[in-house]
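Visitor: below is the sequence, then the predicted model.
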Amino acid sequence: MIRPAAGLAALICALSWPASALAAATTHAIQVRIEPDTQQLEGSDRISFDAPRAATLLLSARFRIDSLTVDARSVEFQARLVDGLQHIKLPAARRIDVRWSGKLAPLDSSLDHRDTLTYDEPASGREGTFLPSGSGWYPQVEGALARYSVALALPADQRGLVPGRLVEEHVAQGRYRARFEFRHPAEGIALMAGPYRIEERRVRTADGSEVRLRTYFHPEIADLASGYLDSVEGYINLYEREIGPYPFSEFSVVSSPTPTGFGMPTLTYLGIAVLRLPFIRATSLGHEVLHDWWGNGVYPDYARGNWSEGLTTFMADYAYRERKGPQAALAARLAWLSDYAAMPRDQDMPLDHFTERTHGATQIIGYDKSAMLFFMLRDEIGKAAFDWALRNFWRSYRFRVASWSDLRGAFERASGKDLSTFFAQWLQRAGAPDLRIADAKAEPAAGGWRLSVTLDQGAPAYTLSVPLAVRTADGEITRRVELARERGTSVLDLPVKPLAVVLDPELRLWRHLAPSEAPPILRDIMLAERPALIVPTADASVQAAARELAAQLLERADTARADASALLVVGMHADIDAWLAREGMPARPEKLAATRGSAQVWTARGRGGRIVVLVSAHDAQSLAALARPLPHYGRESYLAFEGAQAIARGTWPTQPQVWTIAGTK
Ligand SMILES: [Zn+2]
């Protein structure tokens, strides 16, 4: 499985496989020689099946087949071209031998991240070679998972790898040679090479086997190697304690000359510029290491929904925030729910329909809502049962396909609870409850006060355990009340007089935030259904930079409409200040007015609660500098930039739903 690495705004069509494909045993024994200077590739492959079968080979149209035999006999074959791939249909056989050769595409390091994720040509150059698994760089058997060995040969100053165990490597006669084996059914093989410096460290897993940790880094970032190896070692130790022994014999961090990010079994492939970002080691790297348990170690049953991104996000990205403290964890949940609030409701979908990240909405459901499901589940059954369930799930499904219902079974066995309602409502339904306090009344009662709280949640009802905070003169009392209908009243007996009730102040439930709870963020305009671009200036260079910015930022390109649901207003500082005054909107926020920098961006609510995003720059060049970085900051409410560098950012505060109890104030 090749997936976009975490933490990067990514678009990819990852491949997925049906569970039935696991049954077929296919093996590749590949030898490949690559000359990055001339982009020449020569390969041979012996494909074996455990029983005779007919097969269709997929090979890129850029290669010539030099020989092809089926059970050692030459055969007549015809290649049908579909989307740049030759489809070669062969009769039933136990063994296929193929030799092929041709020229790879030249490496284009000017591609941006979006391009590299959708660009699936095998490419090579002195600075790097990347042969993606779906690119047809070797004769892939259509619809089959395969075990493999790959022996690669490169010029002596290059190093390369594929996912799997490094069996041998040496430099002789002006060539670097290395052989890798992957013994588990794999969906495809990706190959990477470059002018790498290798740093290596050997560690032992919890069950005593050896793991080889490596960095394959370009010389200009070679000094980052030991820090990355420290982090990988730390993550392996962490997840061995939480789940079980690391299931592979290697983990490598590999640098790419293009600004890309991919995760595969036993390695992650990240752009040089990405590896230089300090937060990658602290977040995305741990996420990628954890995928060797969830995703590469236990395979999701894609046809019935991909649980691996949510569980990995919960145990990596979210867990790191939780370790920083409750405020950081709350901020992470607020970010998920704010993103969800920004998502148009017609883009919502049931979580069990999520297979892979393709756009903003799939990220919000497949990663964020899914991670929140695990958070709510831990609240429901307690940490001890939760942790115990995951360890058992790992033991039972290691290198097997598992579905959401297999996960549910593990949590039910560990907790002794029937979780069918819980999983059904969060997995099979699009949407979320719209929780509101409809009424709250208090009266003196024996020994204290009796508080009646009526909650509304919209239809259809979810079965919820809703956290409430009751404010009193002596401080806050936290309680949970059960709600299984569209509207329900709960009675709480309290020792002191209640003054006010706050709904779910820690955001422990997946729900639609009320408008006051959801601070407007950039994502609101990025995902808006009918955004409009306003450029209150006649300057042509500002107009052009504004259109480019809108093209990068907005998912929907149609930006000139009268019935706009959100406004993107772009201009020079003076134009923006004048526009705000004309529209009767609040002036530039103090937080930003006091910040220097070449550009400022902030969100506000205009007439009728409509989202307005203001982009205010010093000059057209400063505006142009925002086009690339700005789409990465969807979770922010305000930013200041110096060139392309964000120098200040944050979200406007959230206002929880508070019901003041009549007659008590
Ligand atoms: Zn992931």
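Guide: Yep, that arrived. Residues are numbered from 1 along each chain as shown.

Visitor: what values do phi and psi take at Asn392?
Guide: Main-chain torsions, Asn392, degrees, to the nearest 10: phi -70, psi -40.

Visitor: who are the contact partners of it?
Guide: Neighbour list for Asn392: 410, 413-414 [criterion: CB atoms under 8 Å, 6 or more residues apart in numbering]. From N, CA and C alone the C-beta is placed, and that goes for glycine too.

Visitor: and Ala225, helix, strand or coil?
Guide: What DSSP: H, G, I helix; E, B strand; the rest coil gives for Ala225 is helix.

Visitor: and it, how close does it get to Thr266?
Guide: 17 Å (CB to CB, to the nearest Å).

Visitor: now swap in Asp157 and tell me
Guide: Remark: distance between Asp157 and Thr266 (CB to CB) = 24 Å.

Visitor: when those two are compared, which one has more neighbours?
Guide: With neighbours defined as other CB atoms under 10 Å, Asp157 and Thr266 compare such that Thr266 has more, 23 against 12.

Visitor: go ahead and confirm that one touches Phe180.
Guide: No. Look at Thr266 against Phe180 with CB atoms under 8 Å: they stay out of range, at 9.2 Å.

Visitor: what is the least confident helix or strand in the protein?
Guide: helix 113-118 (a mean of 49; mean pLDDT, DSSP states H and E).

Visitor: the helix or strand following it packs against which elements?
Guide: Later in the chain than helix 113-118, the nearest helix or strand by DSSP states H and E is strand 123-125. Strand 123-125 is packed against strand 105-106, strand 128-131, with contacts defined by 3 or more CB pairs under 8 Å, 6 or more residues apart in numbering; DSSP states H and E.

Visitor: let's see that with 10 Å instead.
Guide: strand 105-106, strand 128-131, strand 191-194 (3 or more CB pairs under 10 Å, 6 or more residues apart in numbering; DSSP states H and E).

Visitor: show me how far it is from its chain's centre.
Guide: Centre-to-centre, strand 123-125 and its host chain are 27 Å apart (CA atoms, centre = their mean, to the nearest Å).

Visitor: state the mean pLDDT of it.
Guide: Taken as a whole, strand 123-125 has an average pLDDT of 95.

Visitor: now the helix or strand encompassing Thr454, how far from the centre of its chain.
Guide: Thr454 belongs to strand 448-456 when assigned by DSSP H and E. Between the centre of strand 448-456 and the centre of its chain there are 41 Å (CA atoms, centre = their mean).

Visitor: partner strands of it, with direction?
Guide: Strand pairing for strand 448-456, using DSSP bridges, gives strand 436-445 (antiparallel), strand 487-494 (antiparallel).

Visitor: before we move on, back to that, anything in contact with each of Thr266 and Phe180?
Guide: Shared contacts of Thr266 and Phe180, defined by CB atoms under 10 Å, 6 or more residues apart in numbering, are found at 161-166, 250.

Visitor: so what does the most far-flung residue of the chain relative to its centre look like in phi/psi?
Guide: The centre of the chain is farthest from one residue, Ala446, which by CA atoms, centre = their mean lies 53.3 Å away. The phi and psi values for Ala446, taken as degrees, to the nearest 10, are phi -50, psi 120.

Visitor: next structured bit after the helix or strand hosting Ala385?
Guide: If you go by DSSP H and E, Ala385 is part of helix 383-397. Where DSSP H and E defines the elements, the next helix or strand beyond helix 383-397 is strand 401-402.

Visitor: for the helix or strand immediately after that next one in the chain, buried residues please.
Guide: Helices and strands here follow DSSP H and E; after strand 401-402, the next one along the chain is helix 404-415. The neighbour-count criterion (16 or more other CB atoms under 10 Å) identifies 404, 406-412, 414-415 as the buried residues of helix 404-415.

Visitor: where in the stretch 101-250 of the chain is pLDDT low?
Guide: 109-119 (pLDDT under 70).

Visitor: please enumerate the helices of it.
Guide: Ranges of helices in the stretch 101-250 of the chain, per DSSP state H, counting those that start in this stretch, are 113-118, 225-242.

Visitor: just put those helices in a markdown table and tack on distance to the ion and mean neighbour count.
Guide: Formatted as a markdown table, these follow (distance: least, CB to the ion, whole Å; neighbours: other CB atoms under 10 Å):
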| stretch | distance to the ion | mean neighbour count |
| --- | --- | --- |
| helix 113-118 | 14 | 18 |
| helix 225-242 | 14 | 17 |
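
Visitor: among these, which is nearest Leu568?
Guide: In terms of CB to CB, the element of the helices of the stretch 101-250 of the chain nearest to Leu568 is helix 113-118, at 19.6 Å.

Visitor: near the ion, which residues of the stretch 251-400 of the chain show up?
Guide: Residues of the stretch 251-400 of the chain lying close to the ion (CB under 5 Å from the ion) are Glu309.

Visitor: in contact with Ala331, which residues?
Guide: 321, 324-325, 507, 635, 651, 654.

Visitor: list the buried ones in the helix holding Ala385?
Guide: Neighbour counts over helix 383-397 (16+ other CB under 10 Å) mark 385-386, 388-390, 392-394, 397 as buried.

Visitor: so how far is that helix from its chain's centroid?
Guide: 23 Å.

Visitor: then it to CSV, C-alphas only?
Guide: Extracted as CSV, the C-alpha positions of helix 383-397 are listed here (Å, rounded to 0.1, in the frame of the first residue of the first chain):
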residue,chain,number,x,y,z
LYS,A,383,-8.6,3.1,28.7
ALA,A,384,-7.7,-0.4,30.1
ALA,A,385,-10.2,-2.2,28.0
PHE,A,386,-9.4,-0.1,25.0
ASP,A,387,-5.6,-0.8,25.1
TRP,A,388,-6.2,-4.5,25.8
ALA,A,389,-8.5,-4.7,22.7
LEU,A,390,-5.9,-3.2,20.4
ARG,A,391,-3.2,-5.6,21.6
ASN,A,392,-5.5,-8.6,21.0
PHE,A,393,-6.7,-7.3,17.7
TRP,A,394,-3.0,-7.0,16.6
ARG,A,395,-2.3,-10.6,17.7
SER,A,396,-5.3,-12.0,15.9
TYR,A,397,-5.0,-10.1,12.6
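
Visitor: I'd like the average pLDDT over that helix.
Guide: The pLDDT scores in helix 383-397 average 98.

Visitor: so Asp459: helix, strand or coil?
Guide: Rather than Asp, residue 459 is Ala. Per three-state DSSP, the secondary structure class of Ala459 is coil.
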